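# give me coordinates for this.
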Amino acid sequence: MPRPPTAERRIWTAEEAARFLRYCHRTDPLIADLCELLIGTGMRKGEALALHWHDVHINEGVLYVRYTLSAINNARLVITSPKTRSSKNWVAISPRVAVALTRRAAEAPHSALFDRSDDPFTGLVFCRPDGRPLRPQTVLDRFRRRAKEAGVPRITLHDLRHLAATLSITAGTPLTVVSKTLRHSTLSTTANLYSHLPQQAAHDAVDAIDTALTQADPTADCHPHWPAWLRPRRNHANGHRARLTLPYFAALAASSPGQRPYGNRDTLQASSRQADVRE
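Predicted coordinates for the structure are as follows:
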């Protein structure tokens, strides 16, 4: 059986993400700082919820991903190794993420700052007031409530990882660097996931080509002069569609190689009638 088509993922714009973060910093600082980390680093939700303080090195500008937190049957919490071998790696942190982590350290309960080797649930960066781990479903529910209150589209926490990649690609970051940041096992994984370039990035790519060619030949006329009959009518946006039908292509087939296949509307229609007579 053919595989069903994958639904198109809805990703926030930079403006929507900024609006959400601005709202959450006022109403729910924990979710705000968690989302700052997810967007700023591209980490997975489970990796962020299992982040320990001894793996955070703000002065060096890095943190280390060693664990992931998940809920078995949405009930029992477990801390295990990350998704893949390449996922267990270091991640660079930006000044904005460093501020969020510093704020978490200032507001963390005293017990959360001490990591006991016999209890993997201690020393967590994102935790409850008593230092115990947060349930992934609880975090998702709070995230969606804040998104609704902020007036931004409904997405999942994992979509913030895709938002991080999309913002990086749109800014012109090489795909190899994006793949390293997301800790994908292969570059093809990143290329397949983000083969759909945002529209703005696609326009930037073709505009870069246009600029390079124009600078190389400044005398070239880069502004096309469309025939009058190809221009849309002012009172009808699609008025030109009816004219780009059979007469246009028939005229191309009927004209000789030495003739210019373009002309006004009457010439094209006459050429079309001549082609019909020959047939």
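
# C-alpha from now on. contacts and neighbour counts both.
Will do.

# please enumerate the helices of the stretch 51-200 of the chain.
With DSSP state H, counting those that start in this stretch as the definition, the stretch 51-200 of the chain shows helices at residue ranges 95-107, 136-150, 159-170, 175-182, 187-193, 199-216.

# of all those helices, which lies closest to residue 60?
Evaluated over these, closeness to residue 60 peaks at helix 95-107, with 10.3 Å, by C-alpha to C-alpha.

# which other helices and strands does the closest one contact?
Here helix 95-107 touches helix 29-41, going by 3 or more C-alpha pairs under 8 Å, 6 or more residues apart in numbering; DSSP states H and E.

# quick one, what contacts residue 151?
Residue 151 makes contacts with residue 20, as judged by C-alpha atoms under 8 Å, 6 or more residues apart in numbering.

# can you redo the helices of the stretch 51-200 of the chain as JSON lines with distance to residue 63, mean pLDDT and mean neighbour count?
Listed next are the helices of the stretch 51-200 of the chain as JSON lines, based on distance: least, C-alpha to C-alpha, whole Å; pLDDT from 0 to 100; neighbours: other C-alpha atoms under 10 Å:
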{"stretch": "helix 95-107", "distance to residue 63": "10", "mean pLDDT": "92", "mean neighbour count": "16"}
{"stretch": "helix 136-150", "distance to residue 63": "21", "mean pLDDT": "95", "mean neighbour count": "16"}
{"stretch": "helix 159-170", "distance to residue 63": "17", "mean pLDDT": "84", "mean neighbour count": "21"}
{"stretch": "helix 175-182", "distance to residue 63": "12", "mean pLDDT": "79", "mean neighbour count": "18"}
{"stretch": "helix 187-193", "distance to residue 63": "22", "mean pLDDT": "68", "mean neighbour count": "13"}
{"stretch": "helix 199-216", "distance to residue 63": "30", "mean pLDDT": "70", "mean neighbour count": "12"}
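
# save these as a markdown table, and put in distance to residue 57 too.
As requested, the helices of the stretch 51-200 of the chain are exported to a markdown table (distance: least, C-alpha to C-alpha, whole Å):
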| stretch | distance to residue 57 |
| --- | --- |
| helix 95-107 | 9 |
| helix 136-150 | 25 |
| helix 159-170 | 21 |
| helix 175-182 | 17 |
| helix 187-193 | 27 |
| helix 199-216 | 33 |
